[in-house]
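**Student:** Starting from these lines, generate the structure:
(one chain, ligands or ions: 1)
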Amino acid sequence: MTLRSNTRTVTRLEPGYMPENNNERKVNTERLSPVSYAYAHTKVRRARGSAHTLPCEDCGGQASQWAYQRGDEHEQSGWRLDERPKAGGVNRLYYWSPNVWAYSSLCVPCHLLRDRSADA
Ligand SMILES: [Zn+2]
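**Tutor:** Below you'll find the model as predicted:
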């Protein structure tokens, strides 16, 4: 795999997603317009609070992170610098969503487990 240092965002939108073609869902689609990875996580914290105040959805321990769960209809993806301490400054394909309900509160070990099973 070639690791590149661009920050291009790849966005997939369903046909009919554009608000002007879908007045019924105007409010909803405006709120779920594509956002940056960083802003998506800011939105989750604003809407749902800090994950530290919640139990981990997998093990029941104390959660510490909001983890995006793949498969949301508004899913976005893009290459970003991997900011985990042991990542060694490489870029990785990240997925996220502007939908704040597509995230789970997880502790670090459970988040890593889920990432590993998603990468496999
Ligand atoms: Zn856990």
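**Student:** Could you give the bridge partners of the closest residue to residue 37 other than its chain neighbours?
**Tutor:** Nearest residue to residue 37, sequence neighbours excluded (Cβ to Cβ, 6 or more residues apart in numbering): residue 96, at 5.0 Å. Using the backbone N, CA and C atoms, a C-beta is placed for each residue, glycine as well. On the basis of DSSP bridges, residue 96 is bridged to residue 76.
**Student:** Now do residue 96 against residue 33, distance only.
**Tutor:** 13 Å (Cβ to Cβ, to the nearest Å).
**Student:** repeat for residue 106
**Tutor:** For residue 106, the distance to residue 33 - Cβ to Cβ - is 26 Å.
**Student:** These two: which has the busier surroundings?
**Tutor:** Ranked by neighbour count (other Cβ atoms under 10 Å), residue 106 and residue 33 place residue 106 first, with 26 against 12.
**Student:** Close to the ion: what parts of the protein are there?
**Tutor:** Residues of the chain found near the ion (Cβ under 5 Å from the ion) are 56, 58-59, 61, 107, 110.
**Student:** Need the residues you listed in TSV (columns: secondary structure and pLDDT).
**Tutor:** Listed next are the residues of the chain next to the ion as TSV, based on DSSP: H, G, I helix; E, B strand; the rest coil; pLDDT from 0 to 100:
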residue	secondary structure	pLDDT
56	coil	98
58	coil	96
59	coil	98
61	coil	97
107	coil	97
110	helix	96
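**Student:** Below-threshold pLDDT in the protein: ranges please.
**Tutor:** By pLDDT under 70, the low-scoring segments of the chain are 1-31, 118-120.
**Student:** Show me where it has its helices.
**Tutor:** Chain-ordered helices for the chain, with DSSP state H as the definition, fall at 26-31, 37-48, 108-119.
**Student:** Pick the most buried one from these.
**Tutor:** Stretch with highest mean neighbour count among the helices of the chain: helix 37-48 (a mean of 15; mean count of other Cβ atoms under 10 Å).
**Student:** Residue 83 - how many residues pack around it?
**Tutor:** So residue 83, with other Cβ under 10 Å, has 8 neighbours.
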